[in-house]
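Novice: Please find the sequence and the predicted model below.
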Amino acid sequence: MSVAGEGRVALVTGGSRGVGEGIAVGLGEAGWTVVVSGRNERRLARTVERVEEAGGRGRAVVCDHADDAQVEALIRSVEEEHGRLDLLVNNAWAAPADVDHERPEPFWERPVSDWEPLIGIGLRAHYVASRAVAPGMVARGAGMIVNISSVGTRAYLHSTLYGISKAGLDKMTHDTALELRKHGVTVLSLWPGLIRTEKLLASGRETVFGVSIKDTETPELQGRVIAALAADPDIHRRTGQVVISAEAAVEYELSEPGGGTPISPRKMFGGGPVFPPLP
């Protein structure tokens, strides 16, 4: 087992299932202490068990990420208990009710209330968490913030509001990185490909968005990628950038838990860079 993260502390928001759970487990494999947050106490406890089975240390904190005060209190509690917070993974996300993600209704037929989960949690909560964690990282002159974003920034995916939220998140990555760069704090956006979640596997489907299930990525791969990024001594040179999980997996010679190399979703938006390097 790698111990690249031994002694280091991460917070993964929205860590009760799916991508967040997989990220926590991948960090646990690398020896990290991982705090996971979300609303479902039972599922958070399961994530902690998996982190510890993988070789890390885990702790769960119940938090409603739609509540700014709870998010800020979460950051304070982690810093007070562990004396540091080396990595914040902004992953908490909520979908509107009754939406078909593959065949969504046009935006003018959807209720305006869709704004609250997609922007209120999928963007605002990440801004609040980043704002809360920045002072401690600045004081230490080190730290990393990873925002879980999506190819939906550049290609139409799920819905108009989904794209707005992810584009805003990538812009937040770019601009917060610009302000934090001189303080030694790295900010990245991570674009996973299509994820092989428990729900997707249980559906019995063979394809999703035209992609074969066998070509989708596991949630755990995202954690392995983030652990590798955090262990890279030259990672600060990439601050403000988007990292595509599948491409980083190739760069760092990582494989899926069951073996194999994921396929980059870059072709979904026509290729090319997402943002230029910081000036």
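Specialist: Okay, I see it.
Novice: Now the residue nearest the centre of the chain. Nearest residue, chain neighbours left out?
Specialist: What sits nearest the mean C-alpha location of the chain, by C-alpha atoms, centre = their mean, is Ile148, with 3.0 Å. Closest residue to Ile148 apart from its sequence neighbours, by C-beta to C-beta, 6 or more residues apart in numbering: Asn91 at 4.4 Å. C-beta coordinates here come from the backbone N, C-alpha and C atoms, glycine included.
Novice: residue contacts, that neighbour?
Specialist: Contact analysis of Asn91 by C-beta atoms under 8 Å, 6 or more residues apart in numbering lists 12-15, 19-20, 23, 148.
Novice: One more pass at 10 Å, please.
Specialist: By C-beta atoms under 10 Å, 6 or more residues apart in numbering, the contact list for Asn91 reads 11-15, 18-24, 36-38, 65, 122, 125-126, 146-148, 190, 222.
Novice: Identify those among those that sit within helices.
Specialist: 18-24, 125-126, 222 (DSSP state H).
Novice: Columns neighbour count, pLDDT and distance to Pro273 on top of these, output as CSV?
Specialist: Listed next are these as CSV, based on neighbours: other C-beta atoms under 10 Å; pLDDT from 0 to 100; distance: C-beta to C-beta, whole Å:
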residue, neighbour count, pLDDT, distance to Pro273
Gly18, 20, 92, 28
Val19, 26, 95, 24
Gly20, 28, 96, 27
Glu21, 28, 97, 31
Gly22, 28, 96, 27
Ile23, 33, 98, 25
Ala24, 34, 98, 30
Ala125, 26, 97, 28
His126, 30, 98, 22
Gln222, 32, 96, 21
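Novice: ok, which pair from those residues is furthest apart?
Specialist: Gly22 and Ala125 (19.5 Å; C-beta to C-beta).
Novice: quick check: longest helix of the chain.
Specialist: helix 160-180.
Novice: Average pLDDT for it, rounded please.
Specialist: For helix 160-180, mean pLDDT rounds to 96.
Novice: repeat for stretch 55-73
Specialist: Per-residue pLDDT over stretch 55-73 has a mean of 97.
Novice: Restrict it to CA atoms and write it as CSV.
Specialist: Only the C-alpha atoms of stretch 55-73 are listed here, as CSV (Å, rounded to 0.1, in the frame of the first residue of the first chain):
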residue,chain,number,x,y,z
GLY,A,55,-5.8,1.6,4.5
GLY,A,56,-6.7,5.1,5.5
ARG,A,57,-8.4,6.7,8.5
GLY,A,58,-11.9,8.0,8.1
ARG,A,59,-14.4,10.2,9.9
ALA,A,60,-17.9,11.2,9.0
VAL,A,61,-19.6,14.6,9.7
VAL,A,62,-23.3,15.1,8.9
CYS,A,63,-23.7,18.4,7.0
ASP,A,64,-26.4,20.0,4.9
HIS,A,65,-24.3,21.7,2.2
ALA,A,66,-27.3,24.0,1.3
ASP,A,67,-26.6,25.7,4.7
ASP,A,68,-23.7,28.1,4.6
ALA,A,69,-23.3,28.1,8.4
GLN,A,70,-23.1,24.3,8.5
VAL,A,71,-20.4,24.3,5.7
GLU,A,72,-18.3,26.9,7.5
ALA,A,73,-18.7,24.9,10.8
